[in-house]
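Undergrad: this one's structure only:
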């Protein structure tokens, strides 16, 4: 009897410790992936059925709320700018010299033909706010030891009801993320590679977004240059900056 | 007048090929105008009938936030039907979704409707008879674009009322064929009870279709559009089509009338001695003028008769077999049957004949007016005046 009580107590304590640990892991992932401000230059490689397109852009971000993107190439997209302020999104097109607000159904459309939708870019909540994590295993990915966590939504309106995330045990960087529908069907997979140290922060510089329901190689997102916690002039996150 | 008619007939017969060329051109114009008008009438009649049968029924009760012409209004343009007396009404809920046929992504409208409805012609009973988890019916155009056949399964991704993604396989229970592209293109119909369950939007509808028993009373948050209001846009389209077609008729008519005008000018120039003789024999210049005008008008009368001789069997035949059009027009969303059976009303034939004869008479009169100013002696000598 004494033995049973001891084992039960240990099991309970262990469960509690693991739950604590899972939340801490996700919190550390959020802290690592989200900075107060961020300026980056990136390439988006879109693999189509017939050809591959590369779109380069300069991105400014303030937390998860505000972001500003200016497309630098190809020539057809050059000068296109995108501004996100909280839950609103505007796009400026230089050829028509018009700014349009993206809302409703348009948010579901793909960004420049990629596997990313505008809505994917609009998610501004941290993982810890939206999901209850639990560690379901450990796996090795590209030679790195990871925790495999299952995230179940605790809010009413998550984009994905459930996610599985593989987090580097040392660097607290996700190396793989899978998003599931309510029915349990896998919808999207994000693979994160080439993790580099920027100051005291580890950050993946190559990401592949893949809509698994669709054929193709998905969309690569490659960061060529990134700075964290730098001062960004306030005018960048205003509608006036779209026409500058 | 009788003499003028007899002489005109003899002159026309005597002119041989010249007469028959004019008659041929006029009859062609006569037949083409009737054929085109009949085609537009047939298209209008058939499309209106089909739209009522397949889509509009006795009218639509639409949620006030839903605008059928604005896809952005689909997201929030729905309301609870518990607030509405649903007697004589069939609810329809529309959501945006995505299908993945053969690994391709395609955005569609997912529409929920009662499987036991009889208000519109959609074969919704197939949704009940299928044993599949989510049976669906689609039109031939959607089936062709998505490369789907009956019994196929395709992955559907949608969002619930909170915006959370969900996905499941749907099974194509039946593929229907309709000329009403607006219930087919890019649309998948499933049971509304299933859609309510899938989206957590229980008892919500975007619009309700009224049957013949429905009598409208104002309901807050909803607006009723009767059959005429729903068809008004299509009727405007037909009207525009009629106006644009009348340009074609005008061009054809002008070509035919130029031929008559030309013949008349030549006749008056070459038949000066004949005109002089008529006057010398006691005809007044107005009577001679009448003779030439009747000659011109007779071209159109013969044209109409010739047109009726070969046109009536042609109209009957075309009315029977119809005229087929490529799917291209329906793919553009225009409500157009793949085969149109033209409608030829008697008034249409009579009106076209009257317009043709009147305009030909008028055109014949213009060059013939010169006869009034002719000097009969010079005319007899054949001097150019």
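TA: Nice, thanks for sending it over. What you see is a predicted model, and the numbers here were worked out from it, not measured in a lab. Numbering: from 1, shown residues only, chains lettered A, B, ... in the order given.

Undergrad: list the contacts of residue 58.
TA: No chain was given, so I picked chain A. For residue A:58, the contact set (Cβ atoms under 8 Å, 6 or more residues apart in numbering or on different chains) comprises A:39-41, A:69-70, A:72. (Glycine included, C-beta is placed from N, CA and C.)

Undergrad: sorry, should have said chain B
TA: Counted by Cβ under 8 Å, 6+ apart, residue B:58 has contacts B:88, B:209-212, B:214, B:226-227.

Undergrad: okay, these in TSV with distance to chain A next?
TA: Below are those laid out as TSV (distance: Cβ to the nearest Cβ, whole Å):
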residue	distance to chain A
B:88	31
B:209	23
B:210	27
B:211	31
B:212	34
B:214	30
B:226	28
B:227	29
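
Undergrad: and those residues, which are buried?
TA: B:88, B:209-211, B:214, B:227 (16 or more other Cβ atoms under 10 Å in any protein chain shown).

Undergrad: where does residue B:39 land in three-state SS?
TA: helix (DSSP: H, G, I helix; E, B strand; the rest coil).

Undergrad: neighbours of it, how many?
TA: Per other Cβ atoms under 10 Å in any protein chain shown, the neighbour tally for residue B:39 reads 21.

Undergrad: ok, now residue B:290?
TA: 20.

Undergrad: name the helices or strands packed onto the helix or strand hosting it?
TA: Using DSSP states H and E, residue B:290 sits within helix B:285-321. Here helix B:285-321 touches helix B:2-15, helix B:17-51, helix B:227-270, helix B:272-280, helix B:346-368, going by 3 or more Cβ pairs under 8 Å, 6 or more residues apart in numbering or on different chains; DSSP states H and E.

Undergrad: quick check: what element follows the last one along the chain?
TA: Next along the chain after helix B:346-368, taking DSSP H and E as the criterion, comes helix B:376-381.

Undergrad: next one: that following helix to chain centre, how far?
TA: Averaging C-alpha positions (Cα atoms, centre = their mean, to the nearest Å) puts helix B:376-381 56 Å from its chain's average.

Undergrad: ok, now stretch A:31-41?
TA: For stretch A:31-41, the gap between its own C-alpha mean and the chain's C-alpha mean amounts to 11 Å (Cα atoms, centre = their mean).

Undergrad: straight-line length of that stretch, end to end?
TA: Criterion Cα to Cα, to the nearest Å; first-to-last residue distance in stretch A:31-41 is 21 Å.

Undergrad: list the buried residues of it.
TA: Buried residues in stretch A:31-41, counting neighbours by 16+ other Cβ under 10 Å, are found at A:32-33, A:35, A:37-40.

Undergrad: can I get the helices and strands packed on helix B:285-321 in TSV including mean pLDDT?
TA: Shown next, in TSV, are the helices and strands packed on helix B:285-321 (pLDDT from 0 to 100):
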stretch	mean pLDDT
helix B:2-15	74
helix B:17-51	88
helix B:227-270	85
helix B:272-280	79
helix B:346-368	87
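
Undergrad: dump those helices into CSV; add distance to residue A:182 as well.
TA: Shown next, in CSV, are these (distance: least, Cβ to Cβ, whole Å):
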stretch, distance to residue A:182
helix B:2-15, 84
helix B:17-51, 37
helix B:227-270, 36
helix B:272-280, 94
helix B:346-368, 59
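
Undergrad: and residue B:342, how many residues sit next to it?
TA: Residue neighbour count, defined by other Cβ under 10 Å, stands at 21 for residue B:342.

Undergrad: report pLDDT for it.
TA: Model confidence at residue B:342, given as pLDDT, is 91.

Undergrad: now do the phi/psi pair for it.
TA: Here is the backbone geometry of residue B:342 (degrees, to the nearest 10): phi -60, psi 150.

Undergrad: what sits against the residue lying closest to it once chain neighbours are set aside?
TA: In this structure, residue B:342 finds its nearest non-sequential neighbour in residue B:38, 3.6 Å apart by Cβ to Cβ, 6 or more residues apart in numbering or on different chains. By Cβ under 8 Å, 6+ apart, the contact list for residue B:38 reads B:315, B:318-319, B:342-344, B:348.

Undergrad: of the buried residues of stretch A:31-41, which belong to strands?
TA: Judged by DSSP state E, strands contain the following of the buried residues of stretch A:31-41: A:37-40.

Undergrad: near chain B too, which of these?
TA: Restricting those to those within reach of chain B (Cβ under 8 Å from any Cβ of the partner chain) leaves nothing.

Undergrad: may I see these arranged in CSV, with pLDDT as well?
TA: Shown next, in CSV, are these (pLDDT from 0 to 100):
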residue, pLDDT
A:37, 90
A:38, 89
A:39, 92
A:40, 92
